[in-house]
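>>> need a structure here:
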Amino acid sequence: MTDSENMTTPRSSKPLIIGLYGISGCGKSHTSEGLKTRFPSDKFNFYDGSALIDQVVAGGLTEFKKGSVSQKTAHRIESISKASEDCQKANKIGVITGHYMFWQNEDHAYRIGTEKDWMTYTHIIYLNVDVELIARRRQEDEGRGRNELAIEHLRKWQKTELKELRAICLERKILFSTVTETKSMTGDSTLERVATLLNDFQHHDETANDSLVMRALNSALPNRPELETVLVLDADKTLAPQDTGSLFWQEYNLAGGASSDCPLKELFTKQKYSYASFRQVMLLYEETGEDFDSISDKVAAKAEMYPEMIALLKRVATAPHVGAVIVTCGLRHLWESVLRRYNLSHISVIGGGRLQDGYVVTGDTKGDIVHRLHEKRLRVVAFGDSPLDIKMFQKADEAYVVVGDKGSRSKSMDEVLANEIHEWGLVALQVALPSTSGHRLDLETLPKAKLDSAELDFIFRQRSTARFMHASGKNAAKLLMTPTRNAAYRSHSLRKAHGRVGYYLSMEFLSEIIGLEEIEIQHVQEKLTDGYRFRHEKATLIIPLMRGGEPMAFGVSKAMPAASFAHAKKFRDIEPQNFHGKRTVILVDSVVNSGQSIVEFVEPLRRRYPQIRIIVVAGVVQADAVVIRDGGRADGVDNRFAELLRDDGDFFLVALRKSDNRFKGQGVTDTGHRLFNTTNLD
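Sure, this is the predicted structure:
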């Protein structure tokens with residue numbers, strides 16, 4: 001029994017009605033009878049189209065045949081409506097053996113499918129039986145009294161039905177699949193494959209699909225306690241420039257499998273990138289039968305991974321705190337072959353392609369995977385190239401849009417990206433692969449990065465280390481702290497000194513925590529060249545904790561001119577729209593004594609925005625604030641700030657110096673009063 005067979009999935013309001021089609025003599029009735037013995041009557045209703053009509057028409061089939069074309073159409077509508085209503089009431093799946101058209105002579109093809117059929121069917125299985133077999137069966141079935149038809153006529157009939165039914169199902173979003181039977185096969189093998197499809201249709205819906213994907217994710221993740229970061233990567237046009245789906249169908253067509261172009265383009269144009277459309281893609285691949293594996297291997301041999309991606313994935317093997325998983329809407333088997341070629345089998349692939357994979361991957365699936373990883377408190381770095389990766393980008397901690405050469409990159413991505421960035425606050429960087437590919441949009445809207453050693457160091461940095469950075473003992477710190485401690489400095493001059501501290505800490509430490517992004521600037525030699533600014537600077541919010549943090553915060557703002565700025569004393573002072581599209585919040589205070597005021601600000605901030613990076617910038621941090629001490633709050637020991645620094649992987653502390661002096665200022669010794677000439681208030 002498969003995993004999906006163990007699941008019970010809720011039935012939608014519309015019953016599953018599966019049509020079993022094929023030209024006269026293909027073996028529909030024989031297959032239907034065989035299915036009845038395999039599927040329980042309390043779950044399935046099996047119907048013969050003619051028998052249904054016989055039930056609903058007064059006088060049965062005899063009277064039905066005497067009716068006009070319009071009367072026959074009305075009776076057919078009544079019969080399929082009855083079957084659907086019966087299945088709805090009994091909460092059963094219906095399987096109806098029917099005809100699409102009759103074509104008993106060359107002169108007249110009689111199509112009997114109705115609009116009600118296409119509104120009712122959720123799936124259609126077509127028995128694509130070798131026409132020579134059909135001709136023989138028609139001759140041997142003397143009880144039916146069928147006309148003897150030429151092989152070529154039967155072939156034309158079958159091709160017409162296949163073409164028209166496939167088009168109807170594409171238009172009406174009915175899942176369509178063929179089961180091919182050749183002279184070398186047996187009827188039993190056809191029955192087995194139809195039964196496999198029915199079992200899949202019975203148990204598979206979006207809920208079951210999501211469950212199976214998450215089970216695959218759990219298997220794909222390395223079981224390591226030190227795991228902190230997971231790279232989630234798309235495959236086609238992200239790991240390599242090729243679209244392996246298009247290459248697969250090219251190979252299939254060359255092998256004589258079909259005469260048309262890649263069917264995926266038309267499917268996605270008409271049905272978009274829905275769960276149902278990817279289920280249809282899976283059924284298309286299922287139709288390739290025994291050729292699937294060999295074609296996949298041929299295409300895998302043509303996929304040439306980008307050197308930068310090879311280096312990225314090889315490094316995963318040497319970093320115990322980092323894992324990686326390929327999440328593709330394409331073919332799992334194919335991409336596993338590609339990874340083996342490059343000695344990257346330590347990377348797991350989550351992807352579908354065949355019934356045996358058990359699930360399909362959609363754009364929503366990718367977003368759900370990032371969400372699940374966040375539930376495990378893991379940092380997620382995402383790489384992708386197309387609109388299918390947007391949900392993944394939206395939820396990831398770091399998002400890299402891979403940009404290939406203009407001839408092969410996604411044509412619709414520019415518009416989608418621009419909308420997500422401007423309307424929904426998407427924050428991402430673009431990576432050109434190869435580096436000569438140019439860029440998407442403009443670099444102000446979508447800054448770029450290079451997957452060089454420095455960028456890999458940023459991606460692979462450990463969250464568990466270096467979350468408290470300070471310049472104690474450095475010559476720069478000694479020079480900068482001197483005016484802040486000098487009693488002669490107060491008011492405007494002291495505020496300027498604090499501003500210089502904020503600017504220095506930004507350049508020295510925030511640049512390491514946040515990282516940099518490339519921008520395009522005008523060189524003094526009158527040419528465009530690369531410049532740098534803080535990564536996602538526009539997605540940064542600077543909050544001075546009033547009032548003592550304001551002067552230093554202005555220094556941080558000077559270093560990050562594109563960042564937003566909002567004053568606050570408590571978290572509730574900040575309007576929610578200030579956080580829209582923000583990736584980093586910088587809280588600035590002149591002195592951190594116990595850290596209590598910081599904790600009271602951060603706790604509601606973290607509850608509302610769990611993925612945001614929070615950095616505290618201070619001039620002085622009391623040493624006790626970052627040490628977890630024995631005793632509880634009842635004893636006057638408050639470890640919440642130190643615990644926050646220890647446990648929250650996206651919480652950082654930056655200071656000019658750490659002080660062992662537990663002195664708390666008052667009046668002329670209070671930093672806030674000195675900054676604003678209010679020493680008389682104490």
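>>> Just the C-alphas of the host helix or strand of residue 415, formatted as CSV.
If you go by DSSP states H and E, residue 415 is part of helix 413-424. Included here for helix 413-424 are C-alpha records, laid out as CSV according to Å, rounded to 0.1, in the frame of the first residue of the first chain:
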residue,chain,number,x,y,z
MET,A,413,9.6,37.7,-14.7
ASP,A,414,10.4,41.4,-15.1
GLU,A,415,6.8,42.5,-14.7
VAL,A,416,6.1,40.1,-11.8
LEU,A,417,9.3,41.2,-10.0
ALA,A,418,8.6,44.9,-10.4
ASN,A,419,5.1,44.5,-9.1
GLU,A,420,6.3,42.4,-6.1
ILE,A,421,9.0,44.9,-5.2
HIS,A,422,7.0,48.1,-5.6
GLU,A,423,3.6,46.9,-4.4
TRP,A,424,4.4,44.1,-1.9
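>>> Could you pull out the buried residues of it?
For helix 413-424, burial by neighbour count (16 or more other CB atoms under 10 Å) applies to 413, 416, 417, 418, 420, 421. To be clear about C-beta, it is placed using only N, CA and C from the backbone, and glycine gets the same treatment.
>>> just stretch 353-369 next, same as before
Those would be 353-355, 357-369, for stretch 353-369 by 16+ other CB under 10 Å.
>>> And for stretch 435-454?
If you call a residue buried by 16+ other CB under 10 Å, then stretch 435-454 has these buried ones: 437, 439, 440, 441, 443, 446, 447, 448, 449, 450, 451.
>>> Just to check, the first one is in contact with residue 407?
No: applying CB atoms under 8 Å as the test, residue 437 and residue 407 come out as separate, 9.7 Å apart.
>>> Kindly state the domain boundaries assigned to the protein.
4-203, 208-241+304-459, 468-681 (automatic domain parsing).
>>> Residue 287 is nearest to which of those domains?
Among those, domain 4-203 comes nearest to residue 287, with 5.3 Å by CB to CB.
>>> Relative to residue 397, how far out is residue 559?
Counting by CB to CB, to the nearest Å, the separation of residue 559 from residue 397 is 22 Å.
>>> which one of those two has more residues nearby?
Taking other CB atoms under 10 Å, residue 559 and residue 397 do not tie; residue 397 has more neighbours (22 against 19).
>>> Name all residues that make contact with that one.
Each residue near residue 397 by CB atoms under 8 Å, 6 or more residues apart in numbering is listed here: 379, 380, 381, 583, 611, 613, 650.
>>> likewise residue 396?
Shown here is residue 396, whose contacts under the criterion CB under 8 Å, 6+ apart are 232, 370, 380, 381, 382.
>>> average model confidence for the strand or helix carrying the second one?
In this case it means residue 370. Assessed by DSSP H and E, residue 370 sits inside helix 363-375. For helix 363-375, mean pLDDT is 96.
>>> What is the subsequent helix or strand relative to that helix?
Under the assignment DSSP H and E, the closest C-terminal helix or strand after helix 363-375 is strand 379-384.
>>> Just the mean pLDDT for that following strand, thanks.
For strand 379-384, the mean pLDDT works out to 96.
>>> Which other helices and strands does that strand contact?
Where contact means 3 or more CB pairs under 8 Å, 6 or more residues apart in numbering; DSSP states H and E, strand 379-384 is packed against strand 229-233, helix 363-375, helix 390-395, strand 398-403.
>>> partners of the last one, with directions?
So that's strand 398-403. Strands adjacent to strand 398-403 in the sheet, as given by DSSP bridges, are strand 379-384 (parallel), strand 429-432 (parallel).
>>> Need the contact partners of that strand.
Outside strand 398-403, the residues that touch it by CB under 8 Å, 6+ apart are 234, 237-238, 379-385, 389, 392-393, 409, 413, 417, 426-433, 437-440, 446, 449, 451, 459.
>>> Could you pick out the buried ones from these?
Judged by 16+ other CB under 10 Å, buried ones among these: 234, 237-238, 379-385, 389, 392-393, 409, 413, 417, 426-433, 437, 439-440, 446, 449, 451, 459.
>>> sorry, back to before: let me know the closest of the buried residues of stretch 353-369 to residue 218.
Among the buried residues of stretch 353-369, residue 369 lies closest to residue 218 (CB to CB), at 10.9 Å.
>>> Report the contact partners of the closest one.
The contact partners of residue 369, taken as CB under 8 Å, 6+ apart, are 213, 214, 217, 232, 325, 327, 350, 392.
>>> Let me know the closest of those residues to residue 177.
So of the contacts of residue 369, ranked by how close each gets to residue 177 (CB to CB), first place is residue 213, at 21.6 Å.
>>> where's residue 548, which helix or strand?
For residue 548, there is no enclosing helix or strand under DSSP H and E.
>>> So for it, what pLDDT did the model give?
For residue 548, pLDDT reads 80.
>>> ok, now residue 47?
On the pLDDT scale, residue 47 gets 94.
>>> hmm, back to that, okay, angle between the helix holding residue 370 and strand 379-384 too, please.
160 degrees (axes from the mean of the first three to the mean of the last three CA atoms, to 10 degrees).
>>> does residue 245 sit in a helix or strand, and which one?
helix 244-254.
>>> What helices and strands are in contact with that helix?
Checked by 3+ CB pairs under 8 Å, 6+ apart, helix 244-254 has helix 263-271, helix 291-302, strand 322-331, helix 332-341 packed alongside it.
>>> can you name the two of the contacts of residue 396 that are farthest apart?
370 and 381, at 10.0 Å, using CB to CB across the contacts of residue 396.
>>> I'd like the distance between the residue nearest the centre of the chain and residue 204.
Using CA atoms, centre = their mean, the residue of the chain that lies closest to the mean C-alpha position is residue 366, 1.6 Å off. Distance from residue 366 to residue 204, counting by CB to CB: 19 Å.
>>> And residue 317, by the same measure?
35 Å.
>>> more neighbours, the two?
Between residue 317 and residue 204, residue 204 has the larger neighbour count (other CB under 10 Å), namely 20 against 14.
>>> Need the phi and psi values for the more buried one.
Backbone torsions for residue 204, taken as degrees, to the nearest 10, come to phi -100, psi 120.
>>> try residue 577
Backbone torsions of residue 577, given as degrees, to the nearest 10, read phi -60, psi -20.
>>> what's around it, how many residues?
With other CB under 10 Å as criterion, residue 577 counts 7.
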